[in-house]
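J.: sequence and predicted structure, then a few things I'm wondering about:
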Amino acid sequence: MDRTDRPHRTGRTGGTDKVMTMKAAVAAFVHDGDTVCLEGFTHLIPTAAGHEIIRQGRRDLTVVRMTADIVVDQMLAAGCVSRLVSSFVGNSSAGSLGNLRRRIESSDPEPLAFEEYSHYGMVCRYLAGSQRLPFHPLRSYGGSDLPRVNSDLRKVTSPYPGPDGEPEQIYVVPPVNPDVTIIHAQRADRGGNTQMWGLTGVQAEAVYAARKAIVVVEELVDDEVVRSDPNRTLVPAHAVHAVVVCPRGAHPSFAQGYYDRDNAFYRAWSAISQDPDRIQAWLDEWVRGTADHAEYVAKLGEEYWAGLAVGEALSEPVDYGRRL
């Protein structure tokens, strides 16, 4: 039995049961005009959540995503996004994002407001947002052209002397506090204690920076599973407002230990995205034409998923010890 097909282990939690369907979570926490963060760095990208936002026809969103990639291109094509905040745009080693380029370069079919930062600048924005700070300092914009195109990259005078004993001018970035952050992870319990492993990014900081948080997971597990390996809990229950169980919900990105990256899809998207009509046909068939992500998964078929299957590479057990 494939790992994504096995029955969910659903024990009781000590706190509130936050499990919701994707449809209900998006309806409850994503509204027109919101600032929505979708985080996951190459790995565990919340694609299924982006698709549900498209199905529900959300409009005028500000999307915050460090690495704006295929899911952002699809949301742009669906007319969901009016502003993008990012530090990278592209089809993750497979080419360009056609719809995003048309929006920025030609205002086709309409302009896209674009705020550009460096990767570390975005990390600092999340850090400031998660700590409710007014800004976060960093050195990496010295000598950069980015301050010319982004007026929110500003300098302040340090209250402490620099190496020469004189007050130092240093760049700062503003906080980001999304209305909702959505992340994908391997597993969580019903209360929202969320565990992930493999390649991670700024998911925890993005959750803490937000007013609300939706966690999408490959599987739901008992409290005891989480407690048996607590160091894997990157996002604790108190920061989570909804838990959505959505196997294979990161496709075409990958979920370590569950399925591989769909490199063929990334390459195919470069061609699809060059043609606006072809994009809309793809959205009509695969997103707007499917009731939910389970139908999307079924439409791809088990033979397709077999090609993305991964073998086991088990971690060695850790003895946390206990009182006798």
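T.: In hand now; what should we look at?
J.: show the end-to-end separation of stretch 316-324, please.
T.: 23 Å (CA to CA, to the nearest Å).
J.: mind listing what's buried in it?
T.: Counting neighbours by 16 or more other CB atoms under 10 Å, one finds that stretch 316-324 has no buried residues. (Each C-beta comes from the backbone N, C-alpha and C, glycine too.)
J.: how far off centre is that stretch?
T.: Relative to its parent chain, stretch 316-324 has a centroid offset of 33 Å by CA atoms, centre = their mean, to the nearest Å.
J.: quick one: average confidence on it?
T.: Regarding stretch 316-324, the rounded mean pLDDT is 90.
J.: now do stretch 243-262
T.: 98.
J.: buried sites along that stretch?
T.: Across stretch 243-262, burial judged by 16+ other CB under 10 Å covers 243-259, 261-262.
J.: any regions of the stretch 201-324 of the chain where pLDDT drops low?
T.: Residues of the stretch 201-324 of the chain meeting the criterion pLDDT under 70: none.
J.: could you redo the last one with a cut-off of 90?
T.: Residue ranges of the stretch 201-324 of the chain with pLDDT under 90: 317, 322, 324.
J.: just the stretch 1-150 of the chain next, same as before
T.: 1-16, 92-96, 140, 142-143.
J.: now the strands: where do they sit in it?
T.: Secondary structure of the stretch 1-150 of the chain, counting by DSSP state E, counting those that start in this stretch: strands at 19-20, 35-39, 61-64, 67-68, 81-86, 88-89, 113-116, 136-138.
J.: most tightly packed of these?
T.: strand 35-39 (a mean of 26; mean count of other CB atoms under 10 Å).
J.: from the chain's centroid, how far away is that one?
T.: How far strand 35-39 lies from its chain's middle: 7 Å, per CA atoms, centre = their mean.
J.: okay, now the sheet partners of it, with direction.
T.: strand 61-64 (parallel), strand 180-188 (parallel) (DSSP bridges).
J.: what angle separates that strand from strand 81-86?
T.: 50 degrees (axes from the mean of the first three to the mean of the last three CA atoms, to 10 degrees).
J.: for strand 35-39, give me every contacting residue.
T.: 30, 45-46, 49-50, 53, 61-66, 71-72, 176-183, 201-203, 206, 209-210 (CB atoms under 8 Å, 6 or more residues apart in numbering).
J.: residue contacts, the residue lying closest to residue 262 once chain neighbours are set aside?
T.: Of all residues not flanking residue 262 in the chain, residue 252 sits nearest, at 3.8 Å (CB to CB, 6 or more residues apart in numbering). With contacts defined as CB under 8 Å, 6+ apart, residue 252 is in contact with 47, 70, 261, 262, 265, 266, 269.
J.: show me what the most centrally placed residue in the chain bridges to in the sheet.
T.: In the chain, the C-alpha nearest the mean C-alpha coordinate belongs to residue 39, at 2.2 Å (CA atoms, centre = their mean). Note on residue 39: beta-bridge partners residue 183, judged by DSSP bridges.
J.: rewinding a little: which helix or strand contains the residue nearest to residue 262?
T.: Assigned by DSSP states H and E, residue 252 falls within no helix or strand.
J.: give me phi/psi at it?
T.: Main-chain dihedrals, residue 252, degrees, to the nearest 10: phi -90, psi 0.
J.: ok, residue 225 next?
T.: Dihedral angles (degrees, to the nearest 10) for residue 225: phi -70, psi -40.
J.: for this protein, what spans make up the helices?
T.: 22-29, 47-55, 70-77, 98-106, 119-130, 146-149, 203-209, 223-228, 263-272, 276-286, 293-300, 302-306 (DSSP state H).
J.: right, and those - which one's nearest residue 163?
T.: helix 119-130 (21.3 Å; CB to CB).
J.: ok, and what's touching the closest one?
T.: Applying CB under 8 Å, 6+ apart, the external contacts of helix 119-130 come out as 66, 85-88, 117, 133-138, 140-141, 146, 153, 173-178, 202, 204-210.
J.: in terms of residue numbering, what are the domains of the chain?
T.: 3-118+176-306, 138-173 (automatic domain parsing).
J.: which of the ones you listed sits most buried?
T.: Highest mean neighbour count of the domains of the chain: domain 3-118+176-306, a mean of 19 (counted as mean count of other CB under 10 Å).
J.: now the end-to-end length of stretch 313-324.
T.: 32 Å.
J.: what comes into contact with it?
T.: Identification of contacts with stretch 313-324 by CB under 8 Å, 6+ apart yields 197, 229, 230, 257.
J.: closest to residue 168 out of those?
T.: When the contacts of stretch 313-324 are compared against residue 168 (criterion: CB to CB), the nearest one is residue 197, at 39.6 Å.
J.: residue contacts, the closest one?
T.: Here residue 197 is in contact with 186, 232, 256, 257, 315 (CB under 8 Å, 6+ apart).
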